[in-house]
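Colleague: Next one to model:
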Amino acid sequence: MRHLVKNSWLASSVALAVLVISGTAMAQRQVGSPDPSDVPKPVGSPRTGTISGHVMIESGGTLEGVRVLLSQAGTSGSLHQATTAENGEFRFDDLRDGTYTVFGAVARGYFMPKPTNAIQPVLYYLGDSINIKLVRGGVITGKVLDTRGEPVVGVSVRSTRTRDLEGLPPNGDSETGSQTDDRGIYRLYGLSPGMYVVAAGGTRRDLRVDPYKYDAPTYYPSEMRATAREISVQAGIETSSIDIRYRGDAGHSVSGNIIGLESLSPAFISVMLLYSGSDMRAAFTSPSSNNNNRAFSFFGVADGEYELLIRGDNVPLGPGFIAMQHITIKGADLAGLKISPSPLGFLTGRIQADSSVTGPEDSKCKISHTITTETVLLLARKSETSQSKPLNRMLPNAISASANEKGQFAFHNLGEGIYYIEARLPNDAWYVKSITLSAGPSNSQPTVSSKTIDVARNGFSVKPGENLGNLILTLAYGAASLQGHMTFNAKAELPQRVSLHLVPAEREFEENPLHYAEVPVFRDGSFTVGNLPPGRYWIVNRPIFDSETNSVVKPLAWDPNERARLRDEGKLRSLQVELRPCQRVTDYVLSYGITLSTTPNKN
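Modeller: Numbering: from 1, shown residues only. Purely as a prediction, here's the structure:
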């Protein structure tokens, strides 16, 4: 059974954080054998197909009635929903060609852990089979009592995850809600492992009647947000006696209007109140599209410092907008706010193939040669300098886009700053040859006098509300790949993580970031580098220190100084590999800093 679930702006934002920073489903992709008769072409006519799968729980059993949500990456369309049968199987039919991710698998009391050895989320294509593993979540339970020790009945209670057990902030919505019963008892379950704060009272996200929604929230054990005590949650473990002594402090209201939207006409608006200095949400609302004056209001707001964040989305018609304003609540309501958002940027482009770059006939890639432009996932990632801008901190670090059957794509909601383009390809037969942008408005055609920007090398700049066009991403056939594992000296002091770099040894490619590769070496020592342009490469490995694990680090090849350092290090170590068109090198064995042996696969 399959249904469509309307995907709001908030849901698409969450799906996007999940897409760039970390996976949310422990799922494995199973792909059928390729057809060797395929011919190389990166375009094709629109097609539809099926993605199926199976849901299991950690004990090995199955669950009936699990709602599996599938999202098409790079789009803002509806979520696809299927329900598992008694044997745990599910199926999505009549899907359009494209790239998909598991948005969620909803089963009471369970959560989906992060995939093992996955820096980026797992992508799925038509014909794939998905294995999803669910784990029983943690539980927080306790009582809410008033100052006399009497139970507080019917008050909303919510937990918010502040970070995971590795200290990383959560991606997307991390709030779970409940309500006390007639004994004042609440129970929050299905929680992912991490550190949480728990609050009772204050504004709530659903429409249920709550006599306490005008109160300021009371955090465990009986605190304001700034002094709330965190609770550690483990998978499958119940943490009890998290009792809250309800303060009953009077809350305040915050209200105002969003102005200057006459030319923007957003399809969806979200208004969030964030605790100042963090991304933790204190309140959320969405003004109705029928609300011409775009009025918003919050209730049950405690005294303190906040950031009022407003975001609007108009996909697929055009760019959205954003605004942020610092507010202070101190002993009184705050009314009459007038917020004028700034428009976000917009970029259009297309994917094309370079048919002149192919391997010799006898070295055809022995994998699927045909890809459609709809299955190429594109990411526009902000530079680290751009991420530091206050408004950009409230936008995703990367915006995704997918192309249509003609290869045309668009990036929406780009904040001010410098961006680089990355592409995730559906198989290892292709690589990105070039990424260029012809300066000019999005509706113009490149001319002889147009300035062409090498986006792969220099990125591209976006100003507030700017519409850019004519970005060309060129794919070439005949990519190589390198796979193997790294060994470590047990007596040596090792870093927490290691990255592997391939650095071009040929002078003509020294300043081309597309000829550099950077991948993590996983805990079991394995590594895989795919979609490589054929050529000669220096091999370099580097430690990743603890301070670098809590943020999304840009590829070193984006920085010309780092490119130079990598080349110098590669020449010094003199570890080199030559990869021919379509060559698959497997079982490449490295010692930390030293190459041991190679076993090339001649395919």
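Colleague: Where does pLDDT dip in the stretch 501-603 of the chain?
Modeller: Residue ranges of the stretch 501-603 of the chain with pLDDT under 70: 545-553, 593-603.
Colleague: same thing but at 90, please
Modeller: Across the stretch 501-603 of the chain, the ranges flagged by pLDDT under 90 are 520-525, 541-555, 573-574, 587, 590-603.
Colleague: And the helices in the stretch 351-500 of the chain?
Modeller: Ranges of helices within the stretch 351-500 of the chain are 384-387, 455-458, based on DSSP state H, counting those that start in this stretch.
Colleague: which of those helices has the lowest average pLDDT?
Modeller: Out of those, helix 384-387 stands lowest, with a mean of 62 (criterion: mean pLDDT).
Colleague: which other residues reach the helix or strand harbouring Arg91?
Modeller: Following DSSP states H and E, one finds Arg91 within strand 89-96. If you take C-beta atoms under 8 Å, 6 or more residues apart in numbering as the criterion, strand 89-96 is touched by 2, 46-55, 66, 68, 70, 72, 80, 82-84, 126, 374. (Glycine included, C-beta is placed from N, CA and C.)
Colleague: Among these, which lie within strands?
Modeller: Under the assignment DSSP state E, these contribute 2, 48-55, 68, 70, 72, 80, 82-83 to strands.
Colleague: Widest-spaced pair of those?
Modeller: Thr48 and Val55 (23.5 Å; C-beta to C-beta).
Colleague: Same drill for the two, tell me which one is more crowded.
Modeller: Ranked by neighbour count (other C-beta atoms under 10 Å), Thr48 and Val55 place Val55 first, with 26 against 10.
Colleague: Now do that one against Met272, distance only.
Modeller: Counting by C-beta to C-beta, to the nearest Å, the separation of Val55 from Met272 is 32 Å.
Colleague: Now Thr227: phi and psi?
Modeller: Note on Thr227: backbone dihedrals following degrees, to the nearest 10 are phi -110, psi 20.
Colleague: Roughly how far does it sit from Tyr219?
Modeller: Using C-beta to C-beta, Thr227 is found at 8 Å from Tyr219.
Colleague: Have a look at the two and say which one is more surrounded.
Modeller: Neighbour count, other C-beta under 10 Å: between Thr227 and Tyr219, Tyr219 has more, with 24 against 9.
Colleague: check contacts around the more buried one.
Modeller: With contacts defined as C-beta under 8 Å, 6+ apart, Tyr219 is in contact with 197-199, 225, 227-229, 244.
Colleague: now do Val68
Modeller: By C-beta under 8 Å, 6+ apart, the contact list for Val68 reads 53, 55, 81-84, 90, 102, 104-106, 132.
Colleague: what pLDDT does it get?
Modeller: With respect to pLDDT, Val68 scores 96.
Colleague: what is it paired to in the beta sheet?
Modeller: Beta bridges link Val68 to Ala82, Ala105 when assigned by DSSP bridges.
Colleague: what does Thr160 give?
Modeller: Here Thr160, judged by DSSP bridges, has bridge partners Glu175, Val197.
Colleague: give me the number of residues near it?
Modeller: Using other C-beta under 10 Å, Thr160 has 21 neighbouring residues.
Colleague: right, and it touches Ser278 too?
Modeller: No: if you go by C-beta atoms under 8 Å, Thr160 and Ser278 don't touch, sitting 10.4 Å apart.
Colleague: sorry, back to before: which among the ones in strands among the contacts of strand 89-96 count as buried?
Modeller: Listed as buried from those are 51, 53-55, 68, 70, 72, 80, 82; burial here means 16 or more other C-beta atoms under 10 Å.
Colleague: from these, which is closest to Ile237?
Modeller: Closest to Ile237, out of all of these and judged by C-beta to C-beta, is Val55, at 22.5 Å.
Colleague: For that closest one, list the residues it contacts.
Modeller: The neighbours of Val55, taking C-beta under 8 Å, 6+ apart as the test, are 62-63, 66, 68, 84, 88-90, 105, 107, 132-134.
Colleague: which residues in the stretch 201-350 of the chain form strands?
Modeller: Using DSSP state E, counting those that start in this stretch, the strands assigned to the stretch 201-350 of the chain run over residues 218-219, 231-233, 238-239, 244-245, 252-258, 268-275, 281-285, 295-301, 304-313, 321-329, 334-339, 342-343, 345-354.
Colleague: Parallel or antiparallel, list what pairs with the fourth one.
Modeller: Put plainly, it is strand 244-245. Strand pairing for strand 244-245, determined by DSSP bridges: strand 138-145 (parallel).
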